[in-house]
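Novice: need the 3D shape of this:
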Amino acid sequence: MRIEIISIGKIKERSLRTLCENYSKRIRYYSPIDIVEVKEEKIQDKRRTIDILKREAVRLHRVVRPDIAVGLDIKGRRFSSEELAEFLMRRRSQGQKELQFIIGGPLGLAPEVLDRCAVRWSLSKLTFPHELARVLVLEQIYRAFTILRGESYHK
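Specialist: From the prediction side, this is the model:
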């Protein structure tokens with residue numbers, strides 16, 4: 001199953017970028033993976049949040065495929081690592097060839113983007129910077145693959 005990480009914005013922090021590259025390489029042992037970075041809107045005025053989210057949603061609309069999209073949302077379903085592994089296994093056994101993970105920018109994802117996602121996933125009740133969220137998503141996908149293979153990383 002091909003994994004595609006679609007996120008708003010680039011990772012500016014070098015240490016986080018290195019972690020993303022590291023986990024992406026590890027995931028490639030189990031599955032092809034692509035990372036797509038969609039242009040982030042500049043936040044100049046907090047009152048314009050809705051406008052910013054709408055502009056980012058238009059960009060995401062071009063790449064998000066509703067049948068295979070998992071949108072990150074604080075109100076989404078919380079998975080344990082084992083449940084995420086089970087989710088990936090179930091999708092693969094149902095013949096799904098690709099899965100997208102959609103990560104919003106500093107303002108999250110617009111409701112219209114989340115509405116197009118087949119699944120909403122919450123990493124935690126905590127709020128994380130979007131750059132760190134990408135690291136966490138990649139780490140959890142890698143962990144899920146090691147669980148499915150019965151490998152020692154999970155322990």
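
Novice: count the residues that sit near D51.
Specialist: Number of residues near D51 (other Cβ atoms under 10 Å) recorded here: 11. Quick note: C-beta positions are derived from backbone N, CA and C, even for glycine.

Novice: next, it: phi, psi?
Specialist: Main-chain dihedrals, D51, degrees, to the nearest 10: phi -60, psi -40.

Novice: tell me the pLDDT at the spatially most central residue of the chain?
Specialist: Most central in the chain under Cα atoms, centre = their mean is F101, positioned 3.4 Å from the mean C-alpha point. Reported pLDDT at F101 in the predicted model: 99.

Novice: in this protein, where's the longest helix?
Specialist: With secondary structure taken from DSSP state H, the chain has its longest helix at helix 130-149.

Novice: what comes up buried for it?
Specialist: Within helix 130-149, the residues scored as buried using 16 or more other Cβ atoms under 10 Å are 130-131, 133-148.

Novice: for the protein, name the helix or strand with the lowest mean pLDDT.
Specialist: Ranked by mean pLDDT, DSSP states H and E, the helix or strand of the chain with the weakest confidence is helix 49-61, at a mean of 93.

Novice: now do that one: everything it contacts.
Specialist: 6, 8, 38-41, 43, 102, 104-105, 107-110, 112-113, 116 (Cβ atoms under 8 Å, 6 or more residues apart in numbering).
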